[in-house]
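Peer 1: below is the sequence, then the predicted model.
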Amino acid sequence: MTAIPKSSRLREIYRGIEADLDAVEAEIRTFGRNTNPLISEVNAYLLEGGGKRVRPALLILASRLFDYRGRDHIFWSAIIETIHTASLVHDDVVDNAALRRGRDTVHAKWGSNITVLLGDFLYIRSISLALKTRATAIIDVIAEATAQMIEGEIIESSITGRPDVTEAAYLDVLDKKTASLFSAACRIGALVAGASSEAVDRLGTFGMNLGLAFQIVDDLLDYTSDAETLGKPVLSDFREGRLTLPVLNALARADAAGRAEIAALVRDRRTDPDAPARILEIVSPEGLEDSSEKARDYVRRAKDVLTAFPRTEARETLSSIADLVLQRRS
């Protein structure tokens, strides 16, 4: 079973690392095996859901920047992807989400109790396997990223439904929830290859900027895409009370009356059936373009970091992934 996602562009970009991604997929399967049939069943269901495998790809390519020839990057890529999966499982409980990637979520199929426990299991399983390697520097990166992701979830929950959210608070959540694991993947790839501390930090910065761009585009798609393409309902962020950049831009452009209307729509989002349609009217093309420009800026910053490394196939592929983030449709 190939690990390459269905997107033709992503398949093209991943062509040079396809064998490694397949090996990562096989490794993830071993992580999910368990004597408990229910755990094995749910893990298998999660794996069948696929995904873009961006984080493993970043780790693999980061190691290749330094001409790494070993196999440790396969194990660590599987660890990173399993942690990412655990975070999605927990997200679906918090959001009460029924669909992800066009399929029923674990939450929808097995209920919140099993879903929360499975997410916990995947986190602990990943950390336990990592600890057995005694690779202290890499374990420190994973522990820090995991703590940041959980902190980001807590902060996001605390500001959900509040129309006074600032752009700085929004970006802080993105940095912790999404960019931290992108950064960790890139740092670990460099660490596996024995890169210098300066190179590790540079790649961490690349991953952080790429992760911020990735999540901003994801938030934009909630307002500009459709349910079939996304594999989940549109405007799910708004319905859950998360004020992402398109709405924050609308608030910044609005007068006092406009801000009051947006606040009322957020407050009544679950009881007013017209609220989603109205928020779409309020989120202007200018606001969407401002959000797109913010994502482009983070991609530019990410690609600037890459110029410090020799022009190799790995560097060009990392650059292509950065470009593709801006072209995402799902």
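Peer 2: It's in.
Peer 1: in the stretch 101-250 of the chain, which spans are helices?
Peer 2: 106-110, 112-133, 136-159, 167-174, 180-192, 197-224, 227-230, 236-239, 245-253 (DSSP state H, counting those that start in this stretch).
Peer 1: looking at this structure, which residue lies furthest from center?
Peer 2: Relative to the C-alpha centroid of the chain, counting by CA atoms, centre = their mean, A257 is the outermost residue, at 35.1 Å.
Peer 1: now do the SS call for it.
Peer 2: helix (DSSP: H, G, I helix; E, B strand; the rest coil).
Peer 1: please read off the pLDDT at it from the model.
Peer 2: Here, the pLDDT recorded for A257 equals 97.
Peer 1: re the thing from before, for the helices of the stretch 101-250 of the chain, which one sits closest to A308?
Peer 2: A308 sits nearest to helix 197-224 of all these, at 5.7 Å, using CB to CB. (C-beta placed from N, C-alpha, C; glycine too.)
Peer 1: so which other helices or strands are in contact with the helix or strand where R301 lies?
Peer 2: Using DSSP states H and E, R301 sits within helix 285-306. Based on contacts counted as 3 or more CB pairs under 8 Å, 6 or more residues apart in numbering; DSSP states H and E, the elements that helix 285-306 packs against are helix 197-224, helix 245-253, helix 313-325.
Peer 1: from those helices, which stretch is densest packed?
Peer 2: By mean neighbour count, with neighbours taken as mean count of other CB atoms under 10 Å, helix 197-224 ranks first of the helices and strands packed on helix 285-306 at a mean of 22.
Peer 1: where's it relative to the chain centroid, distance-wise?
Peer 2: Between the centre of helix 197-224 and the centre of its chain there are 9 Å (CA atoms, centre = their mean, to the nearest Å).
Peer 1: same check, this time on stretch 32-39
Peer 2: Computed by CA atoms, centre = their mean, the chain-centroid distance of stretch 32-39 equals 26 Å.
Peer 1: one more: stretch 119-134?
Peer 2: Averaged C-alpha coordinates place stretch 119-134 at 20 Å from its chain's average position (CA atoms, centre = their mean).
Peer 1: tell me the mean pLDDT over stretch 133-143?
Peer 2: Per-residue pLDDT values over stretch 133-143 give a mean of 98.
Peer 1: and G111, how far from L117?
Peer 2: Here the criterion is CB to CB, to the nearest Å. By it, G111 lies 10 Å from L117.
Peer 1: between the two, which one's more packed in?
Peer 2: In this comparison of G111 against L117, neighbours counted by other CB atoms under 10 Å, the higher total goes to L117 at 14 against 11.
Peer 1: how near is that one to R103?
Peer 2: As for L117, its distance to R103 is 20 Å (criterion: CB to CB).
Peer 1: one more: K177?
Peer 2: Computed as CB to CB, the K177 to R103 distance reads 22 Å.
Peer 1: for the two, indicate the residue with more neighbours.
Peer 2: For the pair K177 and R103, the greater number of neighbours falls to K177 (21 against 17), based on other CB under 10 Å.
Peer 1: check that one and give its pLDDT.
Peer 2: K177 carries a pLDDT value of 97.
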